[in-house]
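Undergrad: My questions concern the predicted model and sequence given below.
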Amino acid sequence: MATTASEKKLLIGGDWIETGDWLEVRSPYSGDVVGRVAKAGTAEARRAVDAAEAAMQEPLPAHKRAEILVRVAGALGRRHEDAAQTISAEAGKPLKAARVEASRAMSTFTFAAVEARTLAGEMVPMDASQAGAGKLAFTLRRPIGIVGAISPFNFPLNLVAHKIAPALAAGCAVVLKPASQTPFSALLLAELMTEAGLPPGWLNVLVGPASEIGDVLVEDERVRAITFTGSGDVGWKLAERAPRKRVKLELGNATPVIVEPDAALEDVATRLAANAFSFAGQSCISVQRIYVHRDAYDDLLGRFVPKVQALVVGDPADETTDVGPLIDGDARDRVLAWIGEARAAGADILTGGDLDGELLRPTVIANAAPDLKVSCEEVFGPVCTLTRYETLDEAIELANGTRYGLQAGIFTRDLKTALAAAQRLDFGGVTVNEAPTFRADQMPYGGVKDSGNTREGPAYAVRELTEEHLVVIEL
Ligand code: NAP
């Protein structure tokens, strides 16, 4: 297995520092050491906030911010394979998927550069009221201040890009805490940003105990916003603990998709097989719950299950692998327990449900009751359910029957059905004739209900990280 065994320091105030303490990162596939990284704690977190504060004393003009972002996008293009190998080694993500992620990170930086150049306030129509007549008013968009960014393991490059690129576009300095299991992709981005000319302190990267670093980000009043992607348990607690900060949350989902009888079933089966199991289901919008109209159920099942069985399970460094490992043994044991719960409750395991060596095989479950964990909680593993429905109303009710609301999908050729479902599905986004796993990086992406409280995508994130500042002029 190819790895990028390496030793990395932390970036604080433009310096690459050691702390005397190291955190070892192991491959989720082989258990081999991928590398080690200097471990930060409370003291380094405070230093990082000091450095960010000092950086923001000298604002970077928009054109400079845009130039840096464009240069990073270019560098990501040149280092594309390196970035993909790093993602694959530390996250256990199959290379095919890691390459897609590396390309998407270029796109994220490119869109953020556009935002840096175009971010502007707006004119206020003052003569629309008697009180305003004779005055001119407009708003400026000012950076909110220091941004604390916390990112998860599953997209260790592109989700870090979605934190740091819009923040820089907005004119904010960042203190970033990537997931401890996958720090190398974030540190690679930090290297590229430094090489692109980012002055000291604008990006600081801390790897280490989440609670220590998180506490500093929550408690230090100079950190004005926290942008968090990860699990709901952690995210909502951060929001509760920091009521005076802007805490922006991108959380989980239990992604549903509805298949109407008029859908192109061969195409549906192909898309769903790929999108329920890519990165072993460890995407926040991995297809999890498939609701199929009774008239299409047997046909879809006959097409879908063989495609799932044909997925190649194995070493993420192998070019042909579709499904690799879960991030660690605890995650694998949890998913196996949830499959066991479904089996014990009388659900049918149509394929998978067991291990291939150390890896969990792609698993399709039929007749799972709605209150089982696989039906209403986020599995975050290579598991999906197939459920038969009678009417569209019933399908929408089942799809909405979760505390989550990130993305959902429907397959149908009928425009009226598609639009009705798009309006009634209680999710931040709805895809039609595409798997709900789809995301392009300029989209306003984010959830309702327990799935979060924000929209990411550079154009939207930049607005979250700036404040409107009003200027009124007497004419
Ligand atoms: P996680 O356990 O919540 O970790 C996410 C980040 O939070 C990591 O950097 C983690 O650090 C940090 N963290 C943990 N406890 C903390 C605390 N007390 N204070 C501050 N930071 C803390 O989530 P994960 O397992 O990495 O990611 C999976 C979850 O992310 C899933 O629920 C998935 O759906 C969600 N997700 C959502 C989106 C979206 O855009 N909506 C995208 C991807 C993933 P350590 O690594 O050091 O523990």
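TA: Right, received. Where do you want to start? Numbers count the residues shown, from 1 in each chain.

Undergrad: Grab the CA positions of the helix or strand hosting residue 374 and hand them over as CSV.
TA: Assigned by DSSP states H and E, residue 374 belongs to helix 373-376. C-alpha atoms of helix 373-376 as CSV (Å, rounded to 0.1, in the frame of the first residue of the first chain):
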residue,chain,number,x,y,z
LYS,A,373,-31.2,2.6,13.6
VAL,A,374,-30.4,1.8,9.9
SER,A,375,-33.7,3.4,9.0
CYS,A,376,-33.6,6.6,11.0
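
Undergrad: List the backbone torsions phi and psi for the residue in the stretch 1-150 of the chain positioned nearest to the ligand.
TA: As assessed by C-beta to the nearest ligand atom, the ligand sits closest to residue 150 within the stretch 1-150 of the chain, at 4.7 Å. From N, CA and C alone the C-beta is placed, and that goes for glycine too. Main-chain torsions, residue 150, degrees, to the nearest 10: phi -130, psi 130.

Undergrad: In terms of pLDDT, where does it sit?
TA: Model confidence at residue 150, given as pLDDT, is 98.

Undergrad: which ones are touching it?
TA: Residues counted as contacts of residue 150 (C-beta atoms under 8 Å, 6 or more residues apart in numbering) are 176-177, 210, 214, 217, 226-230, 238.

Undergrad: Show me just the buried residues among the residues you listed.
TA: Buried members of the contacts of residue 150, scored by 16 or more other C-beta atoms under 10 Å, are 176-177, 214, 217, 226-230, 238.

Undergrad: interface residues of the protein facing the ligand?
TA: Residues of the chain found near the ligand (C-beta under 6 Å from any ligand atom) are 150-155, 159, 177-181, 210-211, 214, 229-231, 234, 250-252, 284, 378, 380, 406, 452.

Undergrad: Provide a PyMOL selection command restricted to the buried entries of those.
TA: In PyMOL, a selection of the buried entries from those looks like this (16+ other C-beta under 10 Å):
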select buried, resi 150+151+152+153+154+155+159+177+178+179+180+181+214+229+230+234+250+251+252+284+378+380+406+452
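
Undergrad: Low-confidence stretches in the stretch 1-150 of the chain?
TA: For the stretch 1-150 of the chain, the stretches with pLDDT under 70 are 1-5.

Undergrad: what are the ranges of the strands in it?
TA: 6-8, 10-12, 15-17, 22-26, 33-38, 123-124, 135-143, 146-150 (DSSP state E, counting those that start in this stretch).

Undergrad: among those, which is the most enclosed?
TA: Most buried of the strands of the stretch 1-150 of the chain by mean neighbour count (mean count of other C-beta atoms under 10 Å) is strand 146-150; its value is a mean of 28.

Undergrad: tell me the mean pLDDT over the following helix or strand past it?
TA: Beyond strand 146-150 on the C-terminal side, the first helix or strand identified by DSSP H and E is helix 158-170. For helix 158-170, mean pLDDT rounds to 98.

Undergrad: Stretch 462-473 too?
TA: On average, stretch 462-473 scores 98.

Undergrad: part of a helix, is residue 439?
TA: No: counting by DSSP: H, G, I helix; E, B strand; the rest coil, residue 439 is located in no helix; its state is coil.

Undergrad: any idea how far residue 329 is from the residue lying closest to it once chain neighbours are set aside?
TA: In space, and not counting its chain neighbours, residue 439 is closest to residue 445: 5.7 Å by C-beta to C-beta, 6 or more residues apart in numbering. Separation of residue 445 from residue 329 (C-beta to C-beta, to the nearest Å): 31 Å.

Undergrad: These two: which is more packed in?
TA: The neighbour comparison of residue 445 against residue 329 (other C-beta atoms under 10 Å) goes to residue 445, with 23 against 12.

Undergrad: can you give me the helices for the stretch 301-450 of the chain?
TA: 329-344, 373-376, 392-400, 415-424 (DSSP state H, counting those that start in this stretch).

Undergrad: looking at the ones you listed, which is buried most?
TA: Highest mean neighbour count among the helices of the stretch 301-450 of the chain (mean count of other C-beta under 10 Å): helix 373-376, a mean of 21.

Undergrad: who does it touch, helix- and strand-wise?
TA: Here helix 373-376 touches helix 329-344, strand 383-389, going by 3 or more C-beta pairs under 8 Å, 6 or more residues apart in numbering; DSSP states H and E.
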